[in-house]
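J.: pasting the sequence and the predicted coordinates here, then a few questions.
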Amino acid sequence: MANMDEKKQVVQEIKEKLEESMLVVCTDFRGLKVEQISDLRRKLRLPEVEYRVLKNTMFRFALKEAGYEDIAEQISGPNAVIFSKNDPVGPAQIIFDFAKTNKQLEVKIGILEGKLLSPEDIKNLAQLPPRDVLLGQVVGTMQAPITSFVRVLNANLTGLVRALDGIREQKAG
């Protein structure tokens, strides 16, 4: 009976990871050597990212419990799953960069904030700039109008100072 309890605990743990993760990506790692898988795991050692090989039966149960019945039916073959809590772009980029040189790795299916993703959707996600770059771009576009406004004010003040200086010179002369 302890074995059943252990399995239930594993299913519960996977379900919690599914619920906490912003991005979940299922990969088929058949044909990869141990060194290649170790290399991929090393690359995926990012904050709040985990790459785990899961048993299909337990993964299916966890998907169903988390409300992903339609995805659970599509799970087959060996699966290594990426769970990313905060960053959807970074892990997607890593997995597709890795797949370029390791053709055996196949991206099968994904979930982004509760929505099903095809391999093509995940590839598109991987082509986005990283989160930090996007935030920098947003801040840059917000700063541009403020910077322009400051330049206009500065130009007006410079003109006023020149006019006053001209009046002072006329009165002095």
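T.: Great, that's in hand.
J.: quickly note the distance from Gly90 to Lys8.
T.: For Gly90, the distance to Lys8 equals 32 Å [CB to CB, to the nearest Å]. Quick note: C-beta positions are derived from backbone N, CA and C, even for glycine.
J.: give me the more crowded residue out of these two.
T.: Gly90 (21 against 12; other CB atoms under 10 Å).
J.: so how far is Gly77 from that one?
T.: Taking CB to CB, one finds Gly90 at 25 Å from Gly77.
J.: how many neighbouring residues does Ser21 have?
T.: 23.
J.: begin at 25, not 1, for the rest of this chat.
T.: Yep, numbering from 25; the last one is Ser45 now.
J.: correct me if wrong: it contacts Asn110.
T.: No. Counting by CB atoms under 8 Å, Ser45 does not reach Asn110; the two are 9.1 Å apart.
J.: Thr182 belongs to a helix, doesn't it?
T.: Yes. Thr182: assigned to a helix according to DSSP: H, G, I helix; E, B strand; the rest coil.
J.: okay, it: pLDDT?
T.: The score at Thr182 is 70. That number is its pLDDT.
J.: report how many residues lie close to it.
T.: Neighbours of Thr182 using other CB under 10 Å come to 10.
J.: where does pLDDT dip in this structure?
T.: Applying pLDDT under 70 to the chain flags residues 25-26, 154-155, 158, 161, 166-169, 171-174, 176-181, 183-184.
J.: for the most centrally placed residue in the chain, which non-adjacent residue is spatially closest?
T.: Note on the chain: the residue nearest the mean C-alpha position is Pro112, at 1.7 Å, using CA atoms, centre = their mean. Among residues not flanking Pro112 along the chain, Leu47 sits closest, at 3.9 Å (CB to CB, 6 or more residues apart in numbering).
J.: ok, now which ones touch that neighbour?
T.: Residues near Leu47 by CB atoms under 8 Å, 6 or more residues apart in numbering: Ile106, Phe107, Ser108, Asp111, Pro112, Pro115, Ala116, Gly134, Ile135, Leu136, Glu137, Leu149.
J.: so how far is Leu149 from it?
T.: According to CB to CB, Leu47 stands 8 Å off from Leu149.
J.: what of Lys139?
T.: The spacing between Lys139 and Leu149, counted by CB to CB, is 11 Å.
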